[in-house]
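Q: Any chance you could fold what I've pasted below:
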Amino acid sequence: MNNDKKGFITRSLHTSFPKDDAYNALHMPVYDGVAYEFDNAEEIAETFAGKRFAHAYSRTSNPTVEYFEKKMLAVTEARAAIALASGMAAISNVLLSLVEQGGNIVASHHLFGHSYALLKQTLPSLGLEVRFVDMTDHSAVKAATDEKTRVYFFETITNPQLEIVDLSKLSVLAKDKGVAVVCDSTITPPYVFQSKRFGVDIEVMSTTKFISGGAAAFGGVVLDNGTFDYLKLPALKEWAVKYETNALVARIRKEVFRHLGGSMTAHTAHFMNLGLDIMPLRIERCVENCKKLALFFETHKQVVSYNYPGAAGSKGYKLAQMQFNGMPGAVMTFDLESKEACYRFFDRLKVIRKATNLNDNKTLIIHPESTIYAEFSDEEKKAMGVRPTMMRLSVGIEECEDLIKDFEEALQ
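A: Below is the predicted model of the structure:
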C-alpha cells in the first residue's frame with residue numbers, strides 16, 4: 001500500500017510487514033526467537049560482513065522490532081530509525097556515537113532529572129564536556145558554542161518546566177556552526193511534531209510514553225532525518241565515508257548499541273506497534289482534558305499559578321501553536337502555596353494516580369522536587385526551575401469532569 005499521502009493513523013495501520021506472513025496475520029507476529037538460521041555459508045558471511053541485511057541474533061535486530069522501526073518511518077519524515085530498550089538508551093547511544101573525547105555538547109539546563117544526571121555525571125567521566133545553558137536564550141547558546149561543539153541537545157518541551165525552544169532560530173545557528181541538532185521529543189511525538197520541518201537532525205524519544213499505548217511497556221527510539229553531514233564530526237567521519245547519511249544508525253547498531261546492549265524486546269515492540277496505531281486518538285483526548293483543566297486552574301483560589309503551553313496566554317503558547325500544531329503534549333504543572341499544601345493535596349486524591357510517568361492513559365501526579373529531583377542539591381533544583389511548591393500532572397483520557405471533581409475535593 002502506498003502510504004505517502006495517507007493520514008497518520010492510516011499509514012501506521014497499513015504499514016506493510018518486512019516479509020509476507022505465512023498465515024496472512026493482520027497484526028505483526030511476536031518473534032520471540034533469539035537466533036535465525038541461514039541457508040548457506042555465503043549468506044551468513046555476507047550478513048555478518050554487512051553486505052546484506054538479515055536477522056542473525058535478536059540482540060542486534062529482530063523482525064517484530066524491525067516492523068516497529070518501519071512503522072516509525074512510515075509516520076515520520078525520518079530517513080532511518082533504530083529502536084532501543086528505553087528513552088535513556090536512545091539518548092545515551094546517540095550522544096556517545098556523535099561526540100568524541102574532547103568534544104562538547106551544548107545542552108539545556110532544563111532537562112528531565114535522569115537526562116540531566118547523564119550529561120552532568122556520566123558523560124564527563126568519559127571525556128565528553130557538557131555546557132548547560134538556557135536554550136531559549138539564543139545569545140547564550142551562541143556564546144557557549146565553539147569549534148569543538150558537536151551537538152545541541154534539548155527537550156522540545158522541557159520537563160517539568162514546560163519551556164519551548166524556538167527551533168527556527170536554533171536550527172539556523174546550528175547549520176552555521178556545523179552542529180547537529182538533537183532533540184528529545186517524548187512529550188511531542190510525531191503526530192504533533194514533524195521534527196525535520198523545523199531543522200532537527202536527530203530525534204530521540206521514550207516510546208514508553210505516548211507511543212506504548214498507555215504505559216504497557218518501556219522503550220525508546222532514535223530517528224535520523226538524514227539532514228546532517230556526518231563528515232563534519234570526528235566521531236563519525238570514518239563511518240560517514242562508508243555509510244554516508246546512514247553513518248549514525250550504522251555506528252549505533254554495529255558498535256555502541258551492540259557493545260553496550262539495550263535492545264528492545266519483541267514483546268515490547270508488539271506493544272509499541274499496537275499503541276502507535278491509536279496514539280493520535282489518545283493525544284487529542286489528553287489535550288482536550290488539559291485545556292479544560294487549565295480553565296479550572298485559572299479560577300481556583302488555592303492554585304497560585306499553573307503552566308500549560310496549550311493554554312492561551314501561556315508563555316509558550318505561540319511557539320506551541322507553530323511547532324506542535326497547538327497540541328503541546330499532556331503535561332501540566334501548577335503551584336500551591338507551600339510544599340506542605342502540595343503533600344496534603346496529594347494525599348487526598350482518589351481518582352488521579354500518585355505515580356511517576358508521562359502519558360499513561362490514566363492521569364498521574366507527582367511532586368518533582370521530592371522525587372525525580374530528590375538527589376540534587378537545593379541550588380541545582382533552583383537552577384533547573386524545580387520548586388518545592390510545584391506539582392506535575394500527566395493528564396490522561398478519563399472524563400475531565402471526574403478529574404475536576406477529584407481536584408475540587410482534594411483542594412478543600
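Q: can you pull the contacts of residue 246?
A: Applying Cβ atoms under 8 Å, 6 or more residues apart in numbering, we find residue 246 in contact with 79-80, 224. All C-beta atoms are positioned from the backbone trio N, CA, C, and that covers glycine.
Q: at 7 Å what do you get?
A: residue 80 (Cβ atoms under 7 Å, 6 or more residues apart in numbering).
Q: Distance check, it against residue 81.
A: The gap separating residue 246 from residue 81 is 11 Å, by Cβ to Cβ, to the nearest Å.
Q: With residue 121 instead?
A: According to Cβ to Cβ, residue 121 and residue 81 sit 29 Å apart.
Q: Pick out whichever of the two has more residues nearby.
A: residue 81 (20 against 10; other Cβ atoms under 10 Å).
Q: helix/strand/coil for that one?
A: With DSSP: H, G, I helix; E, B strand; the rest coil as the basis, residue 81 sits in strand.
Q: same check, this time on residue 116
A: helix.
Q: how many other residues sit next to it?
A: Using other Cβ under 10 Å, residue 116 has 21 other residues around it.
Q: If we ignore the residues flanking it in sequence, what's nearest it?
A: The spatially closest residue to residue 116, leaving aside those adjacent along the chain, is residue 384, at 6.9 Å (Cβ to Cβ, 6 or more residues apart in numbering).
Q: Strands of this protein, residue ranges please.
A: 80-84, 104-108, 129-133, 149-155, 180-184, 202-206, 220-224, 305-307, 331-335, 353-354, 364-366, 390-394 (DSSP state E).
Q: right, so of these, which gets closest to residue 36?
A: Residue 36 lies closest, by Cβ to Cβ, to one member of these: strand 80-84, at 17.7 Å.
Q: and the angle for that closest one with strand 220-224?
A: With axes from the mean of the first three to the mean of the last three Cα atoms, to 10 degrees applied, the angle from strand 80-84 to strand 220-224 works out at 160 degrees.
Q: Can you give me the distance of residue 306 to residue 290?
A: According to Cβ to Cβ, residue 306 stands 10 Å off from residue 290.
Q: tell me the pLDDT at the closest residue to residue 242 other than its chain neighbours?
A: Nearest residue to residue 242, sequence neighbours excluded (Cβ to Cβ, 6+ apart): residue 250, at 7.5 Å. Reading off the confidence values, residue 250 has pLDDT 93.
Q: My guess is residue 250 contacts residue 243. True?
A: Yes - counting by Cβ atoms under 7 Å, residue 243 is a contact partner of residue 250 at 4.2 Å.
Q: who's more crowded, those two?
A: Between residue 250 and residue 243, counting by other Cβ under 10 Å, residue 250 is the more crowded of the two (21 against 18).
Q: which sections of the protein are below the confidence cut-off?
A: 1-4 (pLDDT under 70).
Q: top helix in it by residue count?
A: Taking DSSP state H as the criterion, the chain has its longest helix at helix 266-299.
Q: Which residues belonging to it are considered buried?
A: 266, 268-277, 279-280, 282-283, 285-291, 293-294, 296-297 (16 or more other Cβ atoms under 10 Å).
Q: how many degrees apart are that helix and strand 220-224 in direction?
A: When the same axes, to 10 degrees is applied, the directions of helix 266-299 and strand 220-224 differ by 90 degrees.
Q: just checking, what packs against helix 266-299?
A: When contacts are defined as 3 or more Cβ pairs under 7 Å, 6 or more residues apart in numbering; DSSP states H and E, helix 266-299 packs onto helix 8-13, helix 63-74, strand 331-335, helix 400-411.
Q: Thanks again, I'm all set now.
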